[in-house]
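Enquirer: Starting from these lines, generate the structure:
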Amino acid sequence: MNNETKFRPVTAITMGDPAGIGPEIVVGAMLDKGLHECCKPFVIGSIAIMERAAKILGKELKYNKIDDPDQAKYEYGTIDIIETGDYDTDSIEWGKVQKLAGQMAIDWIMKSIELGMEKKIDAVSTAPIHKEAIKLVGVKEPGHTEIYQHQTHSPYALTMFSCHKLRVFFVSRHMSLVDACHYATKEVVLENVVNIDKELRKIGIENPLIAVAGLNPHNGDHGLFGTEEITDLEPAVKAAQEMGINAVGPCPADSLFHIGKSGKYDAILSLYHDQGHIACKTLDFEKSVTLTFGLPFIRSSVDHGTAFDIAGKGIADEVSLIESTKVVAEYAAKQHERK
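Expert: Prediction:
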């Protein structure tokens, strides 16, 4: 299929915190020809901030300021961009937590949600925000995923790591380890498995094989090192199987991800944040892409932060943003094929 006939999802790229590396990596991503071949990207952000980043990188950019994705040219060499307000961009300092920077980041996120709810975009790729900065403007949610779920009124938002042949979902995200262990009950695990099955079928994976990770060393060794596998995880898997879902486990976590990287499973359910993060980031940090399923549109994120320590120095690597945008476009295209 050539590029003239290939479906290219309309993909909004939010600039993230303007005091972080977001503007620099957005510049780099928009100058990647391969990105334009797989999707129709445009930026939600600030021309002034983007121009400042471009100068640091020694790049000259051509902009097409738009109010709606329908006005975009989607031509390599021209950056289509939606701005959300008139900000005092001169006051934004690189590498510092600032209330205005938090407000700009949230405004850009909200614009992407507005466009997504109006079905004017197929996907969103988000550059990193700073949790302290958004708190300064009254945002109560801890991060992107919770903001998108709450603002789209979605019943759930599933976080998935895509890393080579691994698709890793998470029972819990930003929760203390002690609380996460107690949170992984039969009911919660079963609900996650059901939702994973539903979302994977939407992208064309029929009868997906879902492996549930164990919690304790050696799966608890029949209760010697913990009983959660017996009391919660095995019953959750059995209940899913009785519903016709192709679930297996619990599987010992110390080998599950190694086995999974060959593509044996369509998905792995990690029971807490670091269990799956460590596996994916060790395998390939730059190609560990965060996707959010369960929203009216699909969303991706780089798997790094605002990197205030290097912001404005022209040394930030855009590879992760390019990869996350390509991956979200790939999944958006799969969803389109199923409609």
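Enquirer: Now do S112 against T126, distance only.
Expert: 8 Å (C-beta to C-beta, to the nearest Å). Quick note: C-beta positions are derived from backbone N, CA and C, even for glycine.
Enquirer: More neighbours: these two, which one.
Expert: Set side by side, S112 and T126 show more neighbours around T126, with 31 against 24, by other C-beta atoms under 10 Å.
Enquirer: circling back to that earlier point, shared neighbours, S112 and T126?
Expert: Among the neighbours of S112, those also in contact with T126 (C-beta atoms under 8 Å, 6 or more residues apart in numbering) are T14.
Enquirer: Just the strands from the stretch 201-339 of the chain, written as ranges.
Expert: 210-213, 247-251, 267-270, 289-293, 298-301 (DSSP state E, counting those that start in this stretch).
Enquirer: export these to CSV and tack on mean neighbour count, distance to A332 and mean pLDDT?
Expert: Converted to CSV, those look like this (neighbours: other C-beta atoms under 10 Å; distance: least, C-beta to C-beta, whole Å; pLDDT from 0 to 100):
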stretch, mean neighbour count, distance to A332, mean pLDDT
strand 210-213, 26, 22, 98
strand 247-251, 22, 26, 96
strand 267-270, 28, 18, 98
strand 289-293, 23, 10, 92
strand 298-301, 28, 5, 94
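Enquirer: What residue in the chain is the furthest from its centre?
Expert: No residue in the chain sits farther from the centre than L224, which is 37.2 Å out by C-alpha atoms, centre = their mean.
Enquirer: which residues does F42 contact?
Expert: V10, T11, A12, I13, I66, P69, A72, Y74, I79, D80, I81, I82.
Enquirer: Kindly confirm my reading that it is in a helix.
Expert: No: the assignment for F42 is strand, going by DSSP: H, G, I helix; E, B strand; the rest coil, so no helix is present there.
Enquirer: what separates it from D303, distance-wise?
Expert: Taken as C-beta to C-beta, the span from F42 to D303 is 23 Å.
Enquirer: do the same with K40
Expert: K40 sits 24 Å away from D303 when distances are taken as C-beta to C-beta.
Enquirer: Check V328 too.
Expert: Distance, V328 to D303, by C-beta to C-beta: 13 Å.
Enquirer: Counting neighbours, go ahead and name the busier of these two.
Expert: With neighbours defined as other C-beta under 10 Å, V328 and D303 compare such that V328 has more, 30 against 20.
Enquirer: For the closest residue in space to that one that isn't next to it in sequence, name its beta-bridge partners.
Expert: Leaving aside its sequence neighbours, V328 sits nearest to S300 (C-beta to C-beta, 6 or more residues apart in numbering; 3.4 Å). For S300, the beta-bridge partners under DSSP bridges are S125, L291.
Enquirer: could you list every residue that touches S300?
Expert: Here S300 is in contact with A123, V124, S125, T126, V289, T290, L291, T292, S324, T325, V327, V328 (C-beta under 8 Å, 6+ apart).
Enquirer: Those residues: which two are farthest apart?
Expert: Based on C-beta to C-beta, the longest span within the contacts of S300 runs between T292 and T325 and measures 13.9 Å.
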